[in-house]
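Student: okay, structure incoming, though there's no sequence with it:
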């Protein structure tokens, strides 16, 4: 059911430039006592920023559709700097997000990465579907494995996917059964001979490289079936966040939060 429009007017009767978007709410900030500025990641347009007037009021019908990490359908009025939410409809909630602090933090991590990597209004439909599927898997999937799968796929879909099949420096084959090295600066794995030229290279076991390849490919819904040993989980938790931070240009705040939750 469609909810109220701003100032009580129907979107069909006004001459403004309206458009419709299916989107996940990445971020929400307060503006005054009753209004909220939303950062959305939409199927049709990519990242959007919009003002949701009155959505902070307890009685607002827009309130539910503008909650963080909610998938909603929005009718918007196009603006120069901020669009305006005219109507909104909840399409999907992800109940696992509220089950524990780690899953809440992980949802925030996914949202922060999309917000940081993607410029405004550049659509990337596979990336939108990755986000929605990852939010759905917050319940059945092991959180750390899901985080690593999201990172490697996000890097791939944004053009920063690391080379995992050959040495990124010499294009040679990787020695079978031997440890390789991973370098965010080089853009992937390095053979033993080439790793000496890269100060950020760190050793990874053959099983870690195999797991990286597995997490990168196939349907994301297979992630709950992936079993990762503690040693490989530790290596993945080192190399992939470093690659993300390298391409993003800073270390995401949500990752620090997740690290604190894990320690606590």
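Tutor: Sure, I can see it. Just so it is clear, the structure is predicted and the values come from calculations on it, not from any experiment.

Student: low pLDDT regions in this protein?
Tutor: Applying pLDDT under 70 to the predicted model, the residue ranges of the chain that meet it are 1-16, 263-264.

Student: now the most centrally placed residue in it: which helix or strand?
Tutor: Geometric centre of the chain, nearest residue: residue 110, 3.0 Å, by CA atoms, centre = their mean. Here residue 110 is covered by helix 101-117, with elements defined by DSSP states H and E.

Student: residues near residue 116, how many?
Tutor: As a burial measure, residue 116 scores 13 neighbours (other CB atoms under 10 Å). Where you see a C-beta, it was placed from the backbone N, CA and C, and this is true even at glycine.

Student: state the distance from the residue nearest to the centre of the chain to residue 117.
Tutor: Distance, residue 110 to residue 117, using CB to CB, to the nearest Å: 11 Å.

Student: likewise for residue 34?
Tutor: Distance of residue 34 to residue 117, computed by CB to CB: 31 Å.

Student: these two: which is more packed in?
Tutor: Under the neighbour definition other CB under 10 Å, residue 34 and residue 117 were set side by side, and residue 117 has more, 19 against 14.

Student: wait, that one touches residue 158, no?
Tutor: Yes. Residue 117 is in contact with residue 158 according to CB atoms under 8 Å; the separation is 5.1 Å.

Student: in this structure, which spans are strands?
Tutor: Under the criterion DSSP state E, strands of the chain are mapped to 18-31, 35-42, 46-52, 71-77, 83-92, 180-183, 188-190, 202-204.

Student: please tabulate those strands in TSV, including the columns distance to residue 124 and mean neighbour count.
Tutor: Compiled in TSV, the strands of the chain are given as follows (distance: least, CB to CB, whole Å; neighbours: other CB atoms under 10 Å):
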stretch	distance to residue 124	mean neighbour count
strand 18-31	13	18
strand 35-42	9	22
strand 46-52	6	22
strand 71-77	16	22
strand 83-92	19	21
strand 180-183	25	25
strand 188-190	22	24
strand 202-204	28	16
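
Student: adding distance to residue 238, write those strands out as CSV.
Tutor: Putting those into CSV (distance: least, CB to CB, whole Å) gives the following:
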stretch, distance to residue 238
strand 18-31, 26
strand 35-42, 27
strand 46-52, 29
strand 71-77, 32
strand 83-92, 33
strand 180-183, 9
strand 188-190, 14
strand 202-204, 7
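
Student: circling back to that earlier point, pull out the buried positions in the helix holding residue 110.
Tutor: Residues of helix 101-117 classed as buried by neighbour count (16 or more other CB atoms under 10 Å): 102-114, 117.

Student: hmm, back to that, please look at the residue nearest to the centre of the chain and residue 150 and confirm they touch.
Tutor: Yes. In this structure, residue 110 sits in contact with residue 150. The criterion is CB under 8 Å, and the distance is 5.9 Å.

Student: now for the longest helix seen in the chain, which elements pack on it?
Tutor: Using DSSP state H, we find that the single longest helix of the chain is helix 230-248. The helices and strands touching helix 230-248, judged by 3 or more CB pairs under 8 Å, 6 or more residues apart in numbering; DSSP states H and E, are helix 101-117, helix 143-157, strand 202-204, helix 206-216, helix 253-263.

Student: switch the ones you listed over to CSV; also include distance to residue 184.
Tutor: Supplementary listing: these in CSV, determined by distance: least, CB to CB, whole Å:
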stretch, distance to residue 184
helix 101-117, 15
helix 143-157, 10
strand 202-204, 9
helix 206-216, 13
helix 253-263, 14
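
Student: who's in contact with residue 208?
Tutor: With contact set as CB atoms under 8 Å, 6 or more residues apart in numbering, residue 208 has these partners: 232, 235, 236, 239.

Student: so how far is residue 42 from it?
Tutor: Distance of residue 208 to residue 42, given as CB to CB: 35 Å.

Student: likewise residue 209?
Tutor: With the distance defined as CB to CB, residue 209 ends up 35 Å from residue 42.

Student: thought residue 173 was touching residue 166?
Tutor: Yes. With contact defined as CB under 8 Å, residue 173 and residue 166 form a contacting pair (6.3 Å).
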